[in-house]
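I would like the atomic coordinates for the input below:
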Amino acid sequence: MRGRRRFRTAVAAATAALLCAGALSGCTAGEPAAKASPTGPTPGPAAKPTPEATPSPDSLWDVSPSSVAAVGDSVTRAFDACAVLADCPEVSWATGTDTAVNSLALRLLGPEKVATRSWNLARTGARMVELPEQMAGAAAERPELVTVMMGANDACRPTPALMTPVEDFRTSFETALARLRKGAPEAQVYVASVPDLMRLWSTGRVSPAGLRAWRLGICGAMLADAEDLSAAAERRRAEVRGRVVAYNRVLSEVCAKDERCRYDDGAVFGFRFDGGQLSPWDWFHPSRDGQARLAELAYRRITKE
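Alright, predicted model coming up:
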């Protein structure tokens, strides 16, 4: 008898569990099932529709894009990296063919595809207001990845008063992404932070070669009178650095709203470069070694799972 009671109890518990699993209202396994209404089953609350899963930005990111378009300024054109006052796109961090630099395009595409599957649309001297036009050109190529390095020239004006206002910088960047999305809605975007110009000043001010080059008028807002340590000069440099920080905040915020955009999380801004990564002609633009470092920073961020 005891064995039969145990058997009946187990069957009842299993039956209750099955009823709970199929019921709309919740109950605990092992509890008796509710009695049926004499007029039919008692309606429970309406079942809630299962929400559709929203893909995260990382789930949309392809770590091995098969084509690259680069937009930006003189850094992406590798100005002064090979010869004085000249672009040298073959050593560009983004699309160059020089194996010593090992550009982003070389790493992602291999040497056989760089010529046909990468495009360098940057322009030496460009500021953020020009980025929408460059992005439209990039969209026309239908690239899988677009790299953006822009903003240094917006801060590197003759005086701080001439720096691009932050809201104008934001508007231009938002417009540029919208232009890209119109022509290439699924293109991925890598956005590099603006370099730390204060770090540039502190590196070059102790170099006679750097001081000589800067006297020609490079980035006056930060580098003019590089040996002047007065309170007024320090305030001027701090104002420029603050503007660069604000620009990087804009790049981060606007990029975060685009599910196919990755900001570098301040990697370029925080890079501790030295004289070896600067052009020997102007002590401002990256040298070949500096270009190689930029390529490495970009590759790490783009290929991060």
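
specify the local secondary structure of residue 239.
Assigned by DSSP: H, G, I helix; E, B strand; the rest coil, the conformation of residue 239 is helix.

can you count the residues close to it?
Neighbour count of residue 239, defined by other CB atoms under 10 Å: 16. In this view, the C-beta of every residue, glycine as well, is placed from N, C-alpha and C.

and for the nearest residue to it once chain neighbours are set aside, the neighbour number?
In space, and not counting its chain neighbours, residue 239 is closest to residue 160: 4.8 Å by CB to CB, 6 or more residues apart in numbering. Applying other CB under 10 Å, we find 18 residues neighbouring residue 160.

list the residues that contact residue 160.
Shown in contact with residue 160 (CB atoms under 8 Å, 6 or more residues apart in numbering): 221, 236, 239, 240, 243.

check residue 117 too.
Applying CB under 8 Å, 6+ apart, we find residue 117 in contact with 66, 67, 68, 105, 109.

and it, what's its pLDDT?
For residue 117, the pLDDT comes out at 98.

now do the contacts for the residue nearest the centre of the chain.
By CA atoms, centre = their mean, the chain has its centre lying nearest to residue 263, at 1.9 Å. Going by CB under 8 Å, 6+ apart, residue 263 touches 191, 193, 251, 252, 255, 256.

of all pairs in those residues, which one spans the longest distance?
Farthest apart among the contacts of residue 263 by CB to CB are 193 and 256. That separation is 13.5 Å.

neighbour count for those two, which is higher?
Legend: neighbour count by other CB under 10 Å for residue 193 and residue 256, higher for residue 193 (24 against 12).

so where is this structure shaky, pLDDT-wise?
Applying pLDDT under 70 to the chain flags residues 1-58.

where's the residue nearest to residue 239 relative to residue 250, distance?
Noted for residue 160: a distance of 18 Å to residue 250, by CB to CB, to the nearest Å.

now swap in residue 231 and tell me
Applying CB to CB to residue 231 and residue 250 gives a distance of 29 Å.

give me the more crowded residue out of the two.
Shown here are residue 231 and residue 250; by other CB under 10 Å, residue 250 has more neighbours (20 against 7).

would you check that that one makes contact with residue 165?
No - counting by CB atoms under 8 Å, residue 165 is not a contact partner of residue 250; they are 10.9 Å apart.

what is the residue nearest to the centre of the chain paired to in the beta sheet?
Residue 263 has these beta-bridge partners by DSSP bridges: residue 191.

that one and residue 251: what is the separation?
According to CB to CB, residue 263 and residue 251 sit 6 Å apart.

same thing with residue 168?
Distance of residue 168 to residue 251, given as CB to CB: 14 Å.

settle it for me: which of these two has more neighbours?
The residue with more neighbours, out of residue 168 and residue 251, is residue 251; 26 against 13, by other CB under 10 Å.

is the more buried one in a helix, a strand, or coil?
Under three-state DSSP, residue 251 falls in the helix class.

nearest residue to it in space, ignoring adjacent ones along the chain?
Per CB to CB, 6+ apart, closest to residue 251 is residue 191, 5.2 Å.

let me see the contact set for that neighbour.
Residue 191 makes contact with 148, 251, 255, 261, 262, 263, 264, according to CB under 8 Å, 6+ apart.

next, format those as a markdown table and append distance to residue 179.
Below are those laid out as a markdown table (distance: CB to CB, whole Å):
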| residue | distance to residue 179 |
| --- | --- |
| 148 | 12 |
| 251 | 16 |
| 255 | 15 |
| 261 | 14 |
| 262 | 19 |
| 263 | 19 |
| 264 | 21 |
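
with the residues you listed in mind, which one is nearest to residue 181?
Among the contacts of residue 191, and counting by CB to CB, the member closest to residue 181 is residue 261, at 10.0 Å.

quick one, phi/psi of that closest one?
Here the main-chain torsion angles of residue 261 (degrees, to the nearest 10) amount to phi -120, psi 140.
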